[in-house]
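In: no sequence for this one, just the structure:
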């Protein structure tokens, strides 16, 4: 049972207890006097005071000594002593207790009798020195007041006090500090043994000093009687340590003194005073080595127990580390649960908590915790605000050990306050550090008692912290991997492209759902490989079945796997009667085991069809635009045709007239016929050019001389230029400018630009209507510049004019320039327009020279 | 051979047409002179004697109508027959207003041209200028 007591109540109760104990001790002491001597043969009060002082804090000593005063006065006045003597005796008694307790506390622990050193210090100062010295004063006082022989008083008091110190102080101190826990924790057999030991001195006393003593002469020998008592004391010393020995000694002494008083004492042959003295000396001399022996045995036993405990702890730690070494991520939680409990039970702490410090937040999360069954405590909660000092210490990878709240450093005031409000009395917190990062902490908390955290323990628990930290780090890593895996699977599953992952040998390791959908499409030969099958082999089979490009795929996939090709994309088509198109992209996959590759397979049929449709529409549009342009040119084309036709007819009719002449002018007729042939060729030329431009069909890519194209177009529009009164000047590069392209489409571009230029100059005077066409080789290809002297471009229209349906003319669709641009782009070229700062507009277009591409 | 020694001057930028007309006019008994452009014609010395012009309307540089107006402004009222490969109504109207003898669209028949030239030389102008 634990009583919650304020320290004042506790002090008051102790004082009362001291008073009562002193009273009882003094009463007993008074009974054991050999009258008329004032000094008792056994005087417990001094030993009681010594024990009190050893058990209490020095600042309270005056209080407890004063508490004993009433008891002293009651007893002393009870036997009718003068007041001065009574007070003087109290002073000498207190002096002895102060000397004994002061020295023992100064040189030793004061509350322990379980090491030889502590026992030696106790014997030296409390048992010998203090009674020895104080007895001088006591003897002086007594001999002064009662005129008793000084040395007799000194001797009686010294030996009686030596014996009482020896038997009472360890007994009281051990009873107060150890008896209750011992009784609570000892095994039943041990308790039984304790009980037997308690009654043994009585039983032996009955035998040795009882009626048997009268009958058996041998028992009257002092040595024989002690032979009975000694084993009991020895038993106590060996089995129950200094505490047990001290208590047994107390009982034995009482029995011996009782026997002495009955005249059956050990030394009953002597006069009573002599006999008591002999008994005192005998007991003291026997007790001191036995007490030392008890201490040594206790020390050894404790050392063994500590060693065993340490071994058990080491074993526990070994098991703990062992079980965390090969743990699967899924078992981490269970392992933490188990081991927190094991550690908690072993170390007898009240609560164990593992806190995490998340990387990207200031929160502190309790992830694992254990609480001793039956301990009531607020939920495990640690926050940066509540424990700022602790958090800072942990962040610096330092261990925090607070054995008692009062021992905490002043800078931990806030932390201590929080501990107090939560009812925690003692705590040990170790940082969990892995990879140079503080992942969290391991906190041991005591609610029921204070607790020291010895460095050896902290040292070992650091090991635990290390194991825990690496387990947490491992768990984090596993979770990160799992999350990444999940993300990857989700991405793979969401792709409409089929994806297959190949290992270094080209074997399919895994595929996504979309890949499996291609199974039902026999035309998609590049996506038929199953998991576990060699992808290269599957392609080779397709090649064997006559699939175009499958052999190429075999080679390219092999090259990517071998690392000689970074990546490739291959387009193929298949399917009957409706064609479908597919694209495979293969990228290398670096990694362990020689890496591998990822094959992405997509059905590009829709894209391909859209592309084809767009191309067809573009061609049709270009054709329509050409036809439309022709319509605009009709008048000038008629002129162009009528010219040779007029020549032919006039010449032919002239020839008829020359034929009618006599003689016919054959010379004239001959040159007329040759002119007619030339005119006919001219007419055919015009018609051919026309037909070429009106032609509808697939573009034909060939090597084309841009200069040639321009000359042809200028010829075509020359009549129109005459009609419009426009002067077309050309300044063409000397050599041929060869590009790859479709002649008709390029003519269309030039034609369009020339017609636009001519139309732009309608409002100019005749002399100002000039179009200049220039060509020159450019570093990027072939540049063509067409300049007019029209009004130029509206500001900001430089880009817009190439948009479809942009027009400034009342007639026209506004498609010309847009089509020109798309033709040039299809040829890998570009076009731009700007206003000439002086006058008119300038159009540049650029075509890549054959074999060179324009960026 | 109704009007011997009359001169017919052809101005046309098309060489073949020019040569054909020269031959036709020669076969019809005229003295024919041909020029490739208005500028070339204007460079020749003034004409003496009966004369008729056959002018192409559309030519690089100065066209037939402009040339005719230039001559008119200089006070040289020479009958002119206009020919063109591109006969649009506004041009015809302009040519007739300017005092053209006739306006022929290429290609034309020999008789049409010779009739027109004949009319021009005989002073049967459709309309007196001014």
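Out: The structure has been received and is ready for your questions. What you are looking at is a predicted structure, and each value in this text was computed from that prediction instead of being measured.
In: Number of residues surrounding residue 46?
Out: I went with chain A, as the question did not name one. 32 (other Cβ atoms under 10 Å in any protein chain shown). Heads up, the C-betas are built off the backbone N, CA and C, glycines and all.
In: try chain B instead
Out: By the criterion of other Cβ under 10 Å, residue B:46 has 6 neighbours.
In: And the strands in chain B, which stretches?
Out: B:7-11, B:31-35, B:51-56, B:80-84, B:102-105 (DSSP state E).
In: can I get these in CSV with mean neighbour count, mean pLDDT and distance to residue A:787?
Out: Listed next are these as CSV, based on neighbours: other Cβ atoms under 10 Å in any protein chain shown; pLDDT from 0 to 100; distance: least, Cβ to Cβ, whole Å:
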stretch, mean neighbour count, mean pLDDT, distance to residue A:787
strand B:7-11, 24, 94, 31
strand B:31-35, 18, 93, 32
strand B:51-56, 25, 93, 29
strand B:80-84, 27, 91, 30
strand B:102-105, 20, 90, 35
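In: can you list those in CSV and add distance to chain A?
Out: As requested, the strands of chain B are exported to CSV (distance: least, Cβ to the nearest Cβ, whole Å):
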stretch, distance to chain A
strand B:7-11, 10
strand B:31-35, 11
strand B:51-56, 9
strand B:80-84, 8
strand B:102-105, 8
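In: What residues sit buried inside the helix or strand hosting residue A:256?
Out: Element membership for residue A:256 (DSSP states H and E) is helix A:222-261. Under the neighbour-count criterion of 16 or more other Cβ atoms under 10 Å in any protein chain shown, helix A:222-261 has A:222, A:225-226, A:228-229, A:232-257, A:259-261 buried.
In: Just the residues contacting stretch A:490-506, thanks.
Out: A:508-518, A:527, A:529, A:534-537, A:557-558, A:561, A:589, A:593-602 (Cβ atoms under 8 Å, 6 or more residues apart in numbering or on different chains).
In: The longest helix along chain A: what's the following helix or strand?
Out: Counting residues, the longest helix found in chain A (DSSP state H) is helix A:605-660. Once the chain leaves helix A:605-660, the next helix or strand it forms, by DSSP H and E, is helix A:666-694.
In: near chain B, anything from that following helix?
Out: Yes - part of helix A:666-694 sits near chain B under the criterion Cβ under 8 Å from any Cβ of the partner chain, namely A:668, A:671-672, A:675, A:678-679, A:682.
In: Save these as JSON lines, and put in distance to residue B:109 too.
Out: Shown next, in JSON lines, are these (distance: Cβ to Cβ, whole Å):
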{"residue": "A:668", "distance to residue B:109": "19"}
{"residue": "A:671", "distance to residue B:109": "21"}
{"residue": "A:672", "distance to residue B:109": "16"}
{"residue": "A:675", "distance to residue B:109": "18"}
{"residue": "A:678", "distance to residue B:109": "21"}
{"residue": "A:679", "distance to residue B:109": "17"}
{"residue": "A:682", "distance to residue B:109": "21"}
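In: Among the residues you listed, the buried ones, what's the PyMOL command?
Out: This is the PyMOL syntax for the buried subset of the residues of helix A:666-694 next to chain B, where burial follows 16+ other Cβ under 10 Å:
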select buried, chain A and resi 668+672+675+678+679+682
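In: list the contacts for the residue nearest the centre of chain B?
Out: Central residue of chain B (Cα atoms, centre = their mean): residue B:54, 1.7 Å from the mean position. By Cβ under 8 Å, 6+ apart, the residues touching residue B:54 are B:8-12, B:21, B:80-81, B:83, B:113, B:117.
In: On the strand side of things, show who it bridges to.
Out: Per DSSP bridges, the residues bridged to residue B:54 are residue B:10, residue B:81.
In: how much space between the residue in the stretch 751-855 of chain A positioned nearest to chain B and residue B:67?
Out: Closest approach of the stretch 751-855 of chain A to chain B (Cβ to the nearest Cβ) occurs at residue A:766, with a separation of 9.3 Å. Using Cβ to Cβ, to the nearest Å, residue A:766 is found at 14 Å from residue B:67.
In: Kindly report the same for residue A:76.
Out: On the measure of Cβ to Cβ, residue A:76 and residue B:67 end up 168 Å apart.
In: which of those two has more neighbours?
Out: Under the criterion of other Cβ under 10 Å, the comparison of residue A:76 against residue B:67 puts residue B:67 first, with 24 against 20.
In: now the more buried one: how far from residue B:59?
Out: Going from residue B:67 to residue B:59 by Cβ to Cβ gives 8 Å.
In: cool, residue B:17 as well?
Out: 11 Å.
In: So in chain B, where's the weakest helix or strand by average pLDDT?
Out: helix B:89-97 (a mean of 82; mean pLDDT, DSSP states H and E).
In: who are the neighbours of that one, in terms of helices and strands?
Out: helix B:64-73, strand B:102-105 (3 or more Cβ pairs under 8 Å, 6 or more residues apart in numbering or on different chains; DSSP states H and E).
In: 7 Å instead, please
Out: Judged by 3 or more Cβ pairs under 7 Å, 6 or more residues apart in numbering or on different chains; DSSP states H and E, the packing partners of helix B:89-97 are strand B:102-105.
In: Parallel or antiparallel, list what pairs with the strand it packs on.
Out: By DSSP bridges, strand B:102-105 pairs with strand B:80-84 (parallel).
In: any idea how far the strand it pairs with is from the chain center?
Out: Centroid displacement of strand B:80-84 relative to its chain, using Cα atoms, centre = their mean, to the nearest Å, is 5 Å.
In: Give me the residues contacting that strand.
Out: Applying Cβ atoms under 7 Å, 6 or more residues apart in numbering or on different chains, the contact partners of strand B:80-84 are B:52-58, B:64, B:68, B:91, B:95, B:100-106, B:108, B:113, B:116-117, B:120.
In: just stretch A:313-331 next, same as before
Out: Contacts of stretch A:313-331 (Cβ under 7 Å, 6+ apart): A:335, A:339, A:342, A:346, A:460, A:463-464, A:467, A:471, A:475, A:478.
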